[in-house]
Each structure stands twice: as structure tokens, then as C-alpha cells.
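Engineer: Dropping the sequence and predicted coords here.
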Amino acid sequence: MATTTNITTTYAGEFAGTYVSAALLSGKTLAENLITIKPNIKFKEVMKKVATTDLVKDATCDFDPTSTLTLTERILQPEEFQVNLQLCKKDFRNDWEAVSMGFSAYDNLPPSFADFLIAHAADKVAQKMEQNIWNGTNANAGEFDGFKTTLLADADVVDVAAVGGGVDSSNVVAQLGRIVDVIPSAVYGTEDLFIYVSSNIYRAYVRALGGFASNVGAAGTDNKGTQWFNGGALTYDGINIVLASGLAANTAVAAQKSNLFFGTGLLNDQNEVKVIDMADIDGSQNVRVVMRFTAGIQHAIGSDIVLYS
């Protein structure tokens, strides 16, 4: 009599050596802690902004409460998302994994492939989150409003129009200068200030510093051409430049890390996946990958942020 085994698991295993996954985007923004993460938002969180005017005055003998304090708020409310994937074990019965699956009619999906499914799904979610964080639009299925959407809707944000024809190595230095020039004085020089740039701006800056711009020597930084760059830190006028791969081309955001927020129900949700063997549940030969999580972003003080788009 054939035996029945199942592979139901909830842990993310290592990639098996026999499987090769396509190169997937990692969730760089979250993995490198480039924005502030709020991991335990059950429903929503109110982010308050306080503004005061004429707070300090000449001293008198009287109490003069003419200073004004304005309290406004922005809401960070993560949205619910899910991943549902189903495959049939028999689809693998005749391939080169047959030995690992055994000879039972109720085949057991190879553990190495079960681990692959978990890691693959987690990486796909991380990739989608990276895109959503910067360029998501709530109207699209599987997306929440990203920073570009929320910043465009905030009249307090400092807007800089992108150069016509796009950013390349010949103009990237000047375009970064336009961004830096309008960063509010109260923000400029703070330790957690970053310029988050799209992939094409990042590449253009590396090439410009490698000698592909009129204001840099033909041999580039240290006379090494683009060989000078090995993935280390980039700066402009002392401000760290980081790659935000989710940003659309020719887009950049100058902001403090402490002014940009990602919220979720549990910190590890975006990395957790369940693989459920349905054989013991409904007698089928299906395997399901299930994932549920919440995610969303919000900025706090728009007037402290520069959007280049």
C-alpha cells in the first residue's frame, strides 16, 4: 500500500543546490534599513506634525500667548495583501526529480523544491514591496500608494522638475545640484539625510565620476575610469546617495530617513510563506503556497522633502 507524506511547512528554507533561481530584486530599501520601519501597526498610526510661529519673543512682565501652534496629522494605514499559488505534484513525477519524489502514487514534493517555492515567493514579495514603496499606486491591484504618489499629492513638498530628455552622465551632476540647492536649511546637514535616486540616475552618476562628464577628468576619479567604483558609498556635497530601485526613471527624493515610514503588521510578515500539502486535507495532489501580510508607507513633514520628477 502506498504511503502518503506531506510537505506542509511554514519556514523559509535555504535554496537547494540543484535549483537555480532567476536573479530577483532584493528588498533593498527595507533590507538596508533606508527608511524608518514601524513593525507593529495593527490598523493605523497617526503621525502628528507640529508647527509654531513667533515662539521666542522679547521678555515682558506679562504672559503673552500670541504664539501659534498648529497641529496637523498624516495617517499611516497599512493595506492587506495576499499571495495564493497552487501546483500539482504530478507535474514533477516524470522529470529528473522523480527519484526524490519516491515511487508512491501520492508523491512527496522534493523538500529542496518546497524550500525553493518558499524562497521564491518571499523574494517576489520583496521585489513587489520595493516597487510599491517608491512607485506604487493604490488604484492598481496588489499595490499601495508609494512615496512618489503621496509626495506629488502633498502641496508642502518641494518639487523640482526633471530635465527634459532624461538624466545621463553629461547632466547628472547639475541635476543633483538642483536637488541639493533647494533642500531646506533645517534639513541640510542632518545625519539621516539621503538622496534616493532611480537606477538610471545612479548609473549616470557612477559614469560621470568615471570620466564621462565634461567636469570630470577624462580618466575619472583617481584616474581609474569606472573601475574606481566597487559598489561602495556615493555622496554629493556630503549627502549620501542611495539606489532606490523601485523609483521610476528620472526620479529622486531628498529626505531624512526619519521622515519616511514603512508600516506593517509584523516585521517578518513579508518573509513568511506557508507551503501546504493538500493530500491530507482534501485528498488532492495539490500543493499551495499561502501568504498574507499588511504593508503601506507614509511621510510625515512634506516641507522637509524634495521630489525630483
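Structural biologist: Looks like it arrived, so ask away.

Engineer: Give me the nearest residue to the most centrally placed residue in the chain, chain neighbours excluded.
Structural biologist: Nearest to the geometric centre of the chain sits Glu130, at 3.0 Å (C-alpha atoms, centre = their mean). In this structure, Glu130 finds its nearest non-sequential neighbour in Gly246, 4.3 Å apart by C-beta to C-beta, 6 or more residues apart in numbering. The C-beta positions use only the backbone N, C-alpha and C, and glycine is treated the same way.

Engineer: what's near enough to touch that neighbour?
Structural biologist: Thr29, Glu130, Gln131, Asn132, Ile133, Trp134, Asn135, Gly146 (C-beta atoms under 8 Å, 6 or more residues apart in numbering).

Engineer: Repeat that for Val187.
Structural biologist: Leu193, Ala255, Gln256, Asp304.

Engineer: Widest-spaced pair of the contacts of Gly246?
Structural biologist: Maximum pairwise distance among the contacts of Gly246 (C-beta to C-beta): 11.5 Å, between Thr29 and Asn135.

Engineer: Same drill for those two, tell me which one is more crowded.
Structural biologist: Taking neighbours as other C-beta atoms under 10 Å, Thr29 and Asn135 compare with Thr29 leading, 26 against 20.

Engineer: That one touches Leu243, doesn't it?
Structural biologist: No: counting by C-beta atoms under 8 Å, Thr29 stays clear of Leu243, with 9.3 Å between them.

Engineer: The helix ranked longest in the chain - what's its average pLDDT?
Structural biologist: What stands out as the longest helix in the chain, according to DSSP state H, is helix 111-135. For helix 111-135, the mean pLDDT works out to 79.

Engineer: what packs against that helix?
Structural biologist: For helix 111-135, the packing partners by 3 or more C-beta pairs under 8 Å, 6 or more residues apart in numbering; DSSP states H and E come out as helix 28-31, strand 79-88, helix 147-152, strand 274-277, strand 286-299.

Engineer: mind listing the strands in the stretch 101-250 of the chain by residue range?
Structural biologist: Here the stretch 101-250 of the chain has its strands, by DSSP state E, counting those that start in this stretch, at 158-160, 193-197, 234-236, 239-243.

Engineer: Check those for me and report the most buried one.
Structural biologist: With neighbours taken as mean count of other C-beta atoms under 10 Å, the strands of the stretch 101-250 of the chain reach their highest mean count in strand 193-197, at a mean of 24.

Engineer: partner strands of that one, parallel or antiparallel?
Structural biologist: strand 239-243 (parallel), strand 252-256 (antiparallel) (DSSP bridges).

Engineer: possible to save those as CSV with mean pLDDT?
Structural biologist: Formatted as CSV, those follow (pLDDT from 0 to 100):
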stretch, mean pLDDT
strand 239-243, 96
strand 252-256, 97
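
Engineer: so which of the ones you listed gets nearest Pro78?
Structural biologist: strand 252-256 (19.9 Å).

Engineer: Using CSV, write out the CA atom coordinates for that closest one.
Structural biologist: Extracted in CSV, the C-alpha atoms of strand 252-256 (Å, rounded to 0.1, in the frame of the first residue of the first chain):
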residue,chain,number,x,y,z
ALA,A,252,14.8,61.2,-7.0
VAL,A,253,13.7,62.0,-3.4
ALA,A,254,15.8,64.0,-0.9
ALA,A,255,14.6,63.3,2.6
GLN,A,256,15.6,62.2,6.0
